[in-house]
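[1] coordinates only, no sequence provided:
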């Protein structure tokens, strides 16, 4: 099974920031271990907004310490680039008309739902997923099919 951790930036990343993050993460995953065993780690940056860190647990299982190492690294990335990756109060969604990706605070998103600018069919991003297989089918979903529906509808 491939585990995944999805981190959403509080703003869209610039090209040079993505390059820097890729450099940092490439070095990290090449040396990422759990109890002395090399982890089969990888990463991807999607939409200039989402950072996905993955581990193939068929090679070696992640541990609390190895997860802590990744969190520590991401906090260093936050500091270096002046971004936030751990703010779960930001909602990413695609606009209905032009499929443009946008970010809103929970309060702003609730107001968009109430005002009708966001509806059941608005595509939202479920960053709570834990496996790569889930990401393929359940990451970008209509609001009505996500956990967001319980909170905002």
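    Alright, I've got the coordinates. Computed from a predicted structure; not experimentally measured.

[2] C-alpha from now on. contacts and neighbour counts both.
    Will do.

[3] spell out which residues make up each domain of the protein.
    Following the assignment in automatic domain parsing, the chain carries domains at 2-81, 90-126+137-152.

[4] lowest average pLDDT across those domains?
    Ranked on mean pLDDT, the bottom entry among these is domain 90-126+137-152, at a mean of 92.

[5] compute the first-to-last residue distance for that one.
    Criterion C-alpha to C-alpha, to the nearest Å; first-to-last residue distance in domain 90-126+137-152 is 13 Å.

[6] in TSV: the domains of the chain, plus mean neighbour count.
    Conversion of the domains of the chain to TSV gives the following (neighbours: other C-alpha atoms under 10 Å):
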stretch	mean neighbour count
domain 2-81	16
domain 90-126+137-152	16
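
[7] excluding residues flanking it in the chain, which one is nearest residue 138?
    Counting by C-alpha to C-alpha, 6 or more residues apart in numbering, the nearest residue to residue 138 once its immediate chain neighbours are dropped is residue 126, at 7.0 Å.

[8] ah, wrong one, I meant residue 133
    Counting by C-alpha to C-alpha, 6+ apart, the residue nearest residue 133 is residue 2, at 7.6 Å.

[9] can you verify my assumption that that neighbour contacts residue 60?
    No. Proximity of residue 2 to residue 60 does not meet the contact threshold set by C-alpha atoms under 8 Å, at 10.4 Å.

[10] no further queries at this time; thank you.
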